[in-house]
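build me a model from this:
(one chain, ligands or ions: 1)
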Amino acid sequence: AWKKHTKKGFTTKDEFEDETVRHIETTLARSLFNCDELAAYSGTALAFRDRLIVEWNKTQQRQTFADQKRVYYLSLEFLMGRALDNAMLNVGLKDVAKDGLKDLGFRIEDVISQEHDAALGNGGLGRLAACFLDSLATMNYPAWGYALRYRYGIFKQQIIDGYQVEIPDYWLDFNPWEFPRHDVTVEIQFYGWVRKYQGENGKTKASWEGGEIVEAVAYDAPIPGYKTATTNNLRLWSSKAASGEFDFQKFNNGEYESSVGDQQRAETISAVLYPNDNLDRGKELRLKQQYFWCAASLYDIVRRFKKSEKAWSAFPDMVAIQLNDTHPTLAIVELQRILIDIEALEWDEAWTIVTNTFGYTNHTVMPEALEKWSVPLMQNLLPRHLQIIYDINMNFLQMVERKFPKDREMLSRVSIIEESQPKMVRMAYLATIGSHKVNGVAELHSDLIRTTVFRDFVSIYGPDKFTNVTNGITPRRWLHQANPRLSELIASKLGGYEFLTDLTLLNKLEQFADDKEFKKEWQEIKYANKVRLAQHIGNTTGISVNPKALFDIQVKRIHEYKRQQLNILGVIHRYLTIKAMSPEERKKLAPRVSIFGGKAAPGYWMAKTVIHLVCSVGEVVNHDKDIGDLLKVIYIEDYNVSKAEIITPASDISEHISTAGTEASGTSNMKFVLNGGLIIGTCDGANIEITREIGESNIFLFGNLAEDVEDLRHAHTYGNSFTLDPDLSRVFTAIRSGTFGDAARFNALCNSIVDHGDYYLVSDDFSSYVKTQELVDEAYKDQEEWVAKCIQSVSRMGFFSSDRCIQEYADMIWNVEPLVPQ
Ligand code: 26V
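As a prediction, the model looks like this:
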């Protein structure tokens, strides 16, 4: 009887219009009379949502009955961006919507751009998680993402008078993509104490008692796959005060303020995403977030497993949990606690289950990003977990001692507890000990962690526990959605869109690298994408840039290790060089637009200074009539996923110039090359594998190698006095003489390179960088050759699909099979 009532949603243009209008009039209670673009977006989103929900429900049902292993991806960040365009693509009815919206008086692009980005992440790590969800669904893996439902995502950035200003990102006003599950709640405990008691068989048992309770409420979002009915789930936990007796009594006694205070304190846990990446500050609220999310997710996973009524030993056959960096490491401890304290398993049996369940991905070697929590802090917040950590450590150290008797140094080096003042829990060690596989995110990075942070662990566990899975990106969003015309051109040559699910098929493009007609179309598309970006720049900054100029782009979080300072110092060098040129020399130059974008962590003063220097240089250069179109310097405000979709397809060259050995992978490097841009970069992260795939002649590599970094740093600190490269010296002189405004503001930035050890080796790589940029200028003059390089590069980018990456995780780490809808 139920079945005949089930609706599948619209399929034709008329049905789409019916549904959209119905939603606007009834669901949103708006009169069509004043239907604006936002209302049109809302109605369209709701119409597509209806289509998704049907498949979402069916997928969840199918996965429940299938009785097979599922993947749970635990990440504190999912940088999803907009959902509507992706939903349209995956449902396969974008053209229907386009025609329908046109009938209703709207342009589909304007409607799509009404959506607020879901910006629950900082940068690469969060966007990687989002690409993984897309691949998991597309490849029909039964998989869930778990995260927090932050009320505020990553802040919005304004540039005011050349300085970054942060604006809160309240994104939940109207979010049609989330579904509150007020019936799915978990009570999460904090603080309290541990009670020891005699168990049934006379053994000492432990129980965590007292403290306070906060409630976790689930919010779900559908994750549709491309060209498949599989629609997975992203579950976000929101915190609220537990609606217990206590609360009520306070309220009843007239203690309204204190009762409201408790509520606010509870809601604070999921209030805001921490805006640092690569800097661990050890704040209690952050630890609360981590435990709250791990405990709620594990409760959910265990509850689902228990419904199957299988023996506990089958847990790792049904559940694979991947830890996205160390942020969810407490999940390891929490599962051990559930198994021994609540389910009454023996320690060893429980620990075998735990280690067979977890995999850990490391995303950085930067020491300041490696998480450590103070023992007293943890003792107070999570007393039972700290005990379990000590027990894990004891067992581990005993094992190490058996393997390496008498090596005391080794024991203190690998101990989970750092014997500092105060003592600290080293989360990367705990994650490694509690997982069966540890992986890095690009070959160089995986090699580096094997020989640095995890060196001892490789000799303890053997090399097989440590592996590499090179990152990837989803070609659906980063080629087809961001660059529809290029995708269409490729499809016309390849005879369809199969490359969107098997990116290696791009290799068939290579034969067209010399095809005149094809190259012309290719160039036209690049030009149109540059015009679109130039319009965005014009609209937002008021500066007009020439779309015929070479677009040189560096967009990513601002960090000293990513070396935006090297880029801007190079720009200043270019400016000074042009100023000294004769008119004849100038005529030979290719005009350039240097484009920067990215957010600085609010407390990262040096990064903010870099932004200010870029803006100050722009202020001078862009208004120098003598320079005209030869050089423009642009700062694009509030770089985010939806801006990246406009920026990425518009590059001629993009910059990936981190100090060798510091950028674990990078993923925007892949996005830019896939969109027909060349890159200038160091031998770092995935740049190395990109070079291997596309060929050395298609990339502009420069700078020192990772293996030389240590010696170079040593030389800066202990070597004899340095003579600065004369070009770089001229740049500093210009800055210090006030060419770009008050020089005092840039003192610390200049000094960090000149006097304070130049930790990121800017001066060591400067001349190599400048020379390589000259090679870029030369190469750009030969457009035939340039376009051939771009086409050849794109044709060889198949390896960098996140589908390949997920396949490797599935086979090597999770041991899961797809569940293909009939
Ligand atoms: C660390 C911390 C430390 C505590 C405070 C908040 C916070 C937030 C994020 C992180 C993670 C830092 C690691 C990271 O983001 N790694 C990036 O991962 C990308 C995906 O694998 C990779 O492409 C980038 O190269 C890498 O920097």
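
helices along the stretch 201-350 of the chain, start to end?
For the stretch 201-350 of the chain, the helices defined by DSSP state H, counting those that start in this stretch cover 245-252, 256-268, 284-307, 315-318, 330-337, 347-357.

so how far is the third one from its chain's centroid?
Between the centre of helix 284-307 and the centre of its host chain there is 21 Å, according to C-alpha atoms, centre = their mean, to the nearest Å.

so which bits of it are buried?
Within helix 284-307, the residues that count as buried by 16 or more other C-beta atoms under 10 Å are 286-302, 304-305. C-beta: built from backbone N, CA, C; applies to glycine.

also the shortest one?
Judged by neighbour count (16+ other C-beta under 10 Å), helix 315-318 contains these buried residues: 315-316, 318.

could you say what helices and strands the helix or strand where Ser763 lies packs with?
If you go by DSSP states H and E, Ser763 is part of helix 762-781. Under the contact definition 3 or more C-beta pairs under 8 Å, 6 or more residues apart in numbering; DSSP states H and E, helix 762-781 sits against strand 550-555, helix 564-579, strand 678-681, strand 700-701, helix 726-736, helix 747-754, helix 783-795.

for Val617, find the nearest of the helices of the stretch 201-350 of the chain.
Among those, the nearest to Val617 by C-beta to C-beta is helix 284-307 (35.5 Å).

what strand or helix carries Ser654?
Counting by DSSP H and E, Ser654 is part of strand 653-656.

chain center to that strand: distance?
19 Å.

what strands line up against it, and which way round?
strand 550-555 (parallel), strand 678-681 (parallel) (DSSP bridges).

if we can go back for a sec, quick check: angle from the helix holding Ser763 to strand 550-555?
Going by axes from the mean of the first three to the mean of the last three C-alpha atoms, to 10 degrees, helix 762-781 is angled at 140 degrees with respect to strand 550-555.

flag every buried residue along helix 762-781.
By neighbour count with 16+ other C-beta under 10 Å, helix 762-781 contains the buried residues 762-767, 769-770, 772-773, 776, 779-780.

any idea how far it is from the chain center?
29 Å.

neighbours around the closest residue to Phe766 other than its chain neighbours, how many?
In this structure, Phe766 finds its nearest non-sequential neighbour in Leu728, 4.7 Å apart by C-beta to C-beta, 6 or more residues apart in numbering. Counted with other C-beta atoms under 10 Å, the neighbours of Leu728 add up to 22.

go on, Gln322?
24.

residues contacting it?
Contacts for Gln322 were tallied using C-beta atoms under 8 Å, 6 or more residues apart in numbering; they are 71-74, 358-361, 809, 813-814.

recalculate using a threshold of 6 Å.
73, 359 (C-beta atoms under 6 Å, 6 or more residues apart in numbering).

distance of it relative to Tyr73?
From Gln322 across to Tyr73, the span is 5 Å (C-beta to C-beta, to the nearest Å).

just the residues contacting the helix holding Ser763, thanks.
For helix 762-781, the external contacting residues (C-beta under 6 Å, 6+ apart) are 550, 566, 570, 573, 590, 653, 700, 702-704, 712, 725, 728, 753, 786.

just the buried ones from those, in ChimeraX syntax?
In ChimeraX, this line selects whichever of the contacts of helix 762-781 come out buried by 16+ other C-beta under 10 Å:
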select :550,566,570,573,653,700,702,703,704,712,725,728,753,786
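
element containing the residue in the stretch 701-822 of the chain that the ligand sits nearest to?
With C-beta to the nearest ligand atom, the shortest gap between the stretch 701-822 of the chain and the ligand falls at Cys805, namely 10.2 Å. Cys805 is part of helix 802-808, with elements assigned from DSSP H and E.

residues near Glu267, how many?
Glu267: 15 neighbours (other C-beta under 10 Å).

next one, pLDDT for it please.
With respect to pLDDT, Glu267 scores 95.

look up how far Arg149 lies from it.
Taking C-beta to C-beta, one finds Glu267 at 11 Å from Arg149.

which positions within stretch 734-754 qualify as buried?
In stretch 734-754, counting by 16+ other C-beta under 10 Å, buried: 734-735, 739-741, 745-746, 749-750, 752-754.

go through those residues and flag the one the model is least confident about.
Least confident of the buried residues of stretch 734-754 in the model: Val754, at 94.

flag every residue of the stretch 551-700 of the chain that's near the ligand.
663-667, 685 (C-beta under 6 Å from any ligand atom).

ok, of those residues, which come out buried?
Buried among these by 16+ other C-beta under 10 Å: 663-667, 685.

adding secondary structure and pLDDT, write those residues out as a markdown table.
As requested, these are exported to a markdown table (DSSP: H, G, I helix; E, B strand; the rest coil; pLDDT from 0 to 100):
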| residue | secondary structure | pLDDT |
| --- | --- | --- |
| Glu663 | coil | 98 |
| Ala664 | coil | 98 |
| Ser665 | coil | 98 |
| Gly666 | coil | 98 |
| Thr667 | coil | 98 |
| Gly685 | coil | 98 |
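
which parts of the stretch 1-150 of the chain sit against the ligand?
So far as C-beta under 6 Å from any ligand atom goes, the stretch 1-150 of the chain lies against the ligand at 122-125, 128.

the same query, at a cut-off of 5 Å, please.
124-125, 128 (C-beta under 5 Å from any ligand atom).

how is the protein divided into domains?
1-66+83-116, 67-82+117-470+808-814, 515-783 (automatic domain parsing).

end-to-end on the first one?
Okay, so that is domain 1-66+83-116. 40 Å (C-alpha to C-alpha, to the nearest Å).

just how off-centre is it within its chain?
28 Å.

that older thread, mind checking the helices of the stretch 201-350 of the chain for the one nearest to the ligand?
Closest among those, using C-beta to the nearest ligand atom: helix 284-307, at 6.5 Å.

any idea how far the ligand is from the residue lying closest to Val91 once chain neighbours are set aside?
Spatial nearest neighbour of Val91, chain neighbours left out: Arg51 (5.0 Å); criterion: C-beta to C-beta, 6+ apart. Going from Arg51 to the ligand by C-beta to the nearest ligand atom, to the nearest Å gives 32 Å.

output the strand or helix carrying Tyr635 as PDB, nothing but the C-alphas.
Assigned by DSSP H and E, Tyr635 belongs to strand 631-636. Only the C-alpha atoms of strand 631-636 are listed here, as PDB (Å, rounded to 0.1, in the frame of the first residue of the first chain):
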ATOM      1  CA  LEU A 631      52.000  44.300 -15.000                       C
ATOM      2  CA  LYS A 632      49.000  44.200 -12.700                       C
ATOM      3  CA  VAL A 633      48.900  42.800  -9.200                       C
ATOM      4  CA  ILE A 634      45.500  41.600  -7.900                       C
ATOM      5  CA  TYR A 635      44.300  40.300  -4.500                       C
ATOM      6  CA  ILE A 636      41.100  38.300  -4.900                       C
END
